[in-house]
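Trainee: No sequence on hand, only this structure:
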């Protein structure tokens with residue numbers, strides 16, 4: 001007789017079951033939407049890349065024919081080469097400049113908060129705004145070249161934006177201006193997390209400040225460097241709006257990147273199949289960066 005109340009008390013009530021299921025019910029719509037509109041469309045894009053789709057989707061499957069066409073497309077190789085140039089310079093310069101700015105602010109200088117805000121402000125802007133501003137600055141008739149010539153230096157030339165061989169480097173300038181402050185913030189957070197006793201011990205040993213940063217501090221910042229590289233590489237691969245706003249892919253298609261190639265062929269040239277194939281290769285590039293990053297994060301948490 002005494003077991004009945006105990007069993008009744010152990011049974012989950014309706015409100016208890018609701019409390020247990022409530023988080024799942026709240027998350028279910030967003031999970032379903034993400035599965036459909038993100039991963040569902042990824043799958044659909046892959047399917048379209050295997051078809052001969054042009055202006056509208058069709059399901060006349062041609063296997064990997066679109067990928068073969070893509071590999072034979074000169075404009076795709078120009079876009080891929082530009083991505084290698086842009087991505088490499090963008091990542092390296094952002095890392096170096098961000099690290100130097102972080103080391104400067106780490107010296108406990110006056111007005112650190114104001115300087116940090118100035119360095120971080122460009123990251124608050126969209127790449128569209130950045131592209132438009134730098135398009136004005138780099139315009140030979142309106143920007144830096146015109147200003148310097150108005151000072152009396154008539155032979156000064158800075159017309160990279162209209163030079164097919166140099167235009168891709170204008171993308172690097174604009175992108176570095178926007179993203180280097182973000183990298184600085186990552187490095188500064190890492191620097192502030194290093195134990196001061198390590199630096200003081202190195203100073204007692206007679207090490208100079210540059211040697212301390214190079215030999216002692218930077219090895220401690222390897223996780224920060226790795227994270228920064230992953231984020232910057234992700235930004236570089238997906239770069240689209242900066243190119244559209246700054247150069248429009250020109251002169252000609254001299255500053256095309258894979259993202260602009262995909263958009264142009266899928267939506268402007270009625271070659272959805274070819275555009276889908278280029279999109280899948282871009283996705284492969286992102287995954288090649290993302291998977292090692294996630295593996296490193298999960299491994300560090302497991303061992304931590």
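Mentor: Nice, I can see it. Please read all numbers here as calculations on a predicted model, not as lab measurements.

Trainee: ok now do residue 31, which residues does it touch?
Mentor: Residues near residue 31 by C-beta atoms under 8 Å, 6 or more residues apart in numbering: none. For the C-beta atoms, the positions are set from N, CA and C on the backbone; glycine is no exception.

Trainee: Which SSE is immediately downstream of the host helix or strand of it?
Mentor: Using DSSP states H and E, residue 31 sits in helix 14-34. Going down the chain from helix 14-34, the next helix or strand is helix 41-49, by DSSP H and E.

Trainee: Quick check: mean pLDDT of that following helix?
Mentor: Here helix 41-49 scores 92 as its mean pLDDT.

Trainee: Tell me the buried residues in that helix?
Mentor: Of the residues in helix 41-49, 45, 48-49 count as buried by neighbour count, 16 or more other C-beta atoms under 10 Å.

Trainee: for the residue nearest the centre of the chain, what are its contacts?
Mentor: The centroid of the chain falls nearest to residue 235 when counting by C-alpha atoms, centre = their mean (1.7 Å). Residue 235 is in contact with 90, 175, 179, counting by C-beta under 8 Å, 6+ apart.

Trainee: Go again with 10 Å.
Mentor: 87, 90-91, 94, 127, 175, 178-179, 182, 242 (C-beta atoms under 10 Å, 6 or more residues apart in numbering).

Trainee: Would you map the strands across the chain?
Mentor: With DSSP state E as the criterion, the chain has no strands.

Trainee: so residue 211 touches residue 202, yeah?
Mentor: Yes: counting by C-beta atoms under 10 Å, residue 202 is a contact partner of residue 211 at 7.9 Å.

Trainee: more crowded one of those two?
Mentor: Shown here are residue 211 and residue 202; by other C-beta atoms under 10 Å, residue 202 has more neighbours (18 against 12).

Trainee: How much space separates the nearest residue to residue 283 once chain neighbours are set aside from residue 238?
Mentor: Distances taken as C-beta to C-beta, 6 or more residues apart in numbering place residue 42 nearest to residue 283, at 6.8 Å, with adjacent residues excluded. Distance, residue 42 to residue 238, by C-beta to C-beta, to the nearest Å: 14 Å.

Trainee: Also residue 196?
Mentor: Note on residue 196: its distance to residue 238, by C-beta to C-beta, is 39 Å.

Trainee: what residue ranges in the protein are flagged as low confidence?
Mentor: 1-12, 303-304 (pLDDT under 70).

Trainee: hang on, the earlier thing: more crowded one of residue 196 and residue 238?
Mentor: residue 238 (15 against 8).

Trainee: And residue 249, its phi and psi?
Mentor: With angles defined as degrees, to the nearest 10, residue 249 sits at phi 90, psi -10.

Trainee: Enumerate every residue touching it.
Mentor: Neighbouring residues of residue 249 by C-beta under 10 Å, 6+ apart: 75, 79, 82, 167, 243, 255-257, 260-261, 263-264.

Trainee: from those, which two are the most distant?
Mentor: Greatest spacing in the contacts of residue 249, by C-beta to C-beta: 167 and 263 (18.2 Å).

Trainee: Look at these two and report which has more neighbours.
Mentor: Shown here are residue 167 and residue 263; by other C-beta under 10 Å, residue 167 has more neighbours (22 against 18).

Trainee: Please tell me how far that one sits from residue 99.
Mentor: Remark: distance between residue 167 and residue 99 (C-beta to C-beta) = 28 Å.

Trainee: Now do residue 30: how many residues are near it, please.
Mentor: For residue 30, the count of nearby residues is 9 (other C-beta under 10 Å).

Trainee: again with the one 5 residues further on
Mentor: Residue crowding around residue 35 was assessed by other C-beta under 10 Å; the count is 10.

Trainee: mind listing what it touches?
Mentor: Taking C-beta under 10 Å, 6+ apart, we find residue 35 in contact with no residue.

Trainee: I'd like to know how far it sits from residue 45.
Mentor: To residue 45, residue 35 is 15 Å away according to C-beta to C-beta.

Trainee: Ok, residue 226 next?
Mentor: Distance from residue 226 to residue 45, counting by C-beta to C-beta: 29 Å.

Trainee: Then residue 90?
Mentor: When distance is defined by C-beta to C-beta, residue 90 is 26 Å away from residue 45.

Trainee: what about residue 240, distance to residue 217?
Mentor: For residue 240, the distance to residue 217 (C-beta to C-beta) stands at 36 Å.

Trainee: ugh, typo on my part, it should be residue 235
Mentor: Taking C-beta to C-beta, one finds residue 235 at 25 Å from residue 217.
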